[in-house]
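Novice: Below: sequence and its predicted model.
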Amino acid sequence: MDDSIDKKWLSYDEQLGLLSQRGMLIEDPMYASKVLSCVSYYRLSGYFRYWQKDPDYGDDTFIEGTSFNRIFRLYQAEANLANICKSLLATCELVLRTRFAHYYGEHVAPTRSFAYGRGFTTLPTGQRETVEERILSDLDRSKDLFVDHYRQDVKQGNLYKPEAYDRMPIWVAVEALTFGTLSRMIEASGDSGVLDAIAESLNTTRRLLPSQVRSFVYLRNRTSHYGRLWNISVPDAPFIQPKTKRIIREDCRSFKERSIYEILVALHDLGKRAGICEDVLGIYIEPLLNKQPLLAYGICTPKKYGQVPREVLLGEE
């Protein structure tokens, strides 16, 4: 049965009243009302659920000691982490675009190639759509003037044919492609020599690079769409050498497989290998996590509702 038919519109004060009725401490109602006018109740409810007794079975009351301010401070700290991730990932993405275009042009061809799937001899992990289909889809949707400059009006129905992009060099095309498409191109270029050349230029390996880039795409998409990072289990974990994991656990902190922190370790690993950033974790990530243990717990040790220890939720460390 669809329970949405019983949903009622509530003012900000009424939303706070509902939270208070369920046992949440509202330290400053005026401040909390302002928060809800900027960050919706629904968005914050994804965090609230971890403090509720049994939301899956209809018990939305909060455990004793639940604080609105503590949960919102977690949200703010996570937003800071997301902004840091977006900046680091942007640098990494630009390097990957540049290196791919450079080595694809060298090993395959600068033009009359990528739109036909030349050089892509491996279907990326878990994908049914060919790489060239994804490339054409991205280019067809593009409204950028530089794409229009190189695109010829050669169509089949409403879609451009591969020949429409014969004049476009690969280093132009990559600027119009999504990070997800670029990731697929990198992974699918293993037999053409492109993947090996990119990996070598970044001082990494063809085994490490594709899975790490896939995880970067996942993290970029979550941060770009303001998705929650706290207590999220990553569906496709990056490959990281056991030695690297051991060093990070000794020098920084422990973390679980498929945690968001594992992606940050991969970003740290690639950044250090490639000379992009010598210490991603030490310079950017650890200072924030050290200030916010609650954030660190969910980033490194994702748990389901009801599984986060009470002392972690309430700050009774």
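Specialist: Received, thanks.

Novice: So what does the residue positioned nearest the centre of the chain look like in phi/psi?
Specialist: Nearest to the mean C-alpha position of the chain, by C-alpha atoms, centre = their mean, lies residue 219 at 1.1 Å. Dihedral angles of residue 219 (phi, psi; degrees, to the nearest 10) stand at phi -70, psi -40.

Novice: Quick one: mean pLDDT for the helix or strand harbouring residue 180?
Specialist: Element membership for residue 180, per DSSP states H and E: helix 179-188. On average, the pLDDT along helix 179-188 is 96.

Novice: and what of stretch 24-31?
Specialist: 98.

Novice: Which residues belonging to that stretch are considered buried?
Specialist: Buried residues in stretch 24-31, counted by 16 or more other C-beta atoms under 10 Å: 24, 26. Any C-beta I mention is one placed from the backbone N, CA and C, and that applies to glycine too.

Novice: Now do that stretch: distance from first to last residue.
Specialist: Distance across stretch 24-31, first residue to last, is 15 Å (C-alpha to C-alpha, to the nearest Å).

Novice: Give the buried residues for the host helix or strand of residue 19.
Specialist: Assessed by DSSP H and E, residue 19 sits inside helix 12-21. Residues 15-16, 19 are the ones in helix 12-21 that count as buried (16+ other C-beta under 10 Å).

Novice: And stretch 84-104, by the same measure?
Specialist: 84-85, 88-89, 92-93, 95-97, 99-104.

Novice: what residues does that stretch touch?
Specialist: Contact partners of stretch 84-104, identified using C-beta atoms under 8 Å, 6 or more residues apart in numbering, comprise 113-114, 119, 170-171, 173-175, 179, 182, 185-186, 189, 192-194, 197-198, 201-202, 213, 216, 219-220, 223-224, 229, 264, 267, 270-271, 274, 276-277, 280, 284-285, 288.

Novice: pretty sure residue 60 is in a helix, no?
Specialist: No - per DSSP: H, G, I helix; E, B strand; the rest coil, residue 60 lies outside any helix segment and is strand.

Novice: Can you get me a residue count around the spatially closest residue to residue 274 that is not a sequence neighbour?
Specialist: Excluding the flanking residues, the one nearest residue 274 by C-beta to C-beta, 6 or more residues apart in numbering is residue 202, at 4.1 Å. Look at residue 202: counted by other C-beta atoms under 10 Å, it has 21 neighbours.

Novice: how close does residue 202 sit to residue 79?
Specialist: 30 Å (C-beta to C-beta, to the nearest Å).

Novice: who touches residue 228 in this structure?
Specialist: Applying C-beta under 8 Å, 6+ apart, the residues near residue 228 are 46-47, 78, 222.

Novice: what do you get if the cut-off is 6 Å, keeping everything else the same?
Specialist: For residue 228, the contacting residues are residue 46, by C-beta atoms under 6 Å, 6 or more residues apart in numbering.

Novice: ok but it is inside a strand, no?
Specialist: No - applying three-state DSSP, one finds residue 228 to be coil, outside a strand.

Novice: who's in contact with the strand or helix carrying residue 273?
Specialist: Taking DSSP H and E as the criterion, residue 273 maps to helix 260-274. Contacts to helix 260-274, defined as C-beta under 6 Å, 6+ apart, come from residues 202-204, 212, 215, 219, 229, 232, 237-238, 240, 244, 248, 255, 277-278, 280-281, 285, 299-300.

Novice: Do me a favour and average the pLDDT over it.
Specialist: Averaged across helix 260-274, pLDDT comes to 97.

Novice: List every C-alpha atom in it, with coordinates, as CSV.
Specialist: Extracted in CSV, the C-alpha atoms of helix 260-274 (Å, rounded to 0.1, in the frame of the first residue of the first chain):
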residue,chain,number,x,y,z
ILE,A,260,33.8,5.7,1.0
TYR,A,261,37.2,6.0,2.7
GLU,A,262,38.4,3.1,0.5
ILE,A,263,37.8,5.3,-2.6
LEU,A,264,39.7,8.1,-0.8
VAL,A,265,42.6,5.7,-0.3
ALA,A,266,42.5,4.9,-4.1
LEU,A,267,42.5,8.7,-4.8
HIS,A,268,45.4,9.1,-2.4
ASP,A,269,47.3,6.2,-4.1
LEU,A,270,46.8,7.5,-7.6
GLY,A,271,47.6,11.0,-6.6
LYS,A,272,50.9,10.0,-5.0
ARG,A,273,51.9,7.6,-7.8
ALA,A,274,51.2,10.2,-10.5
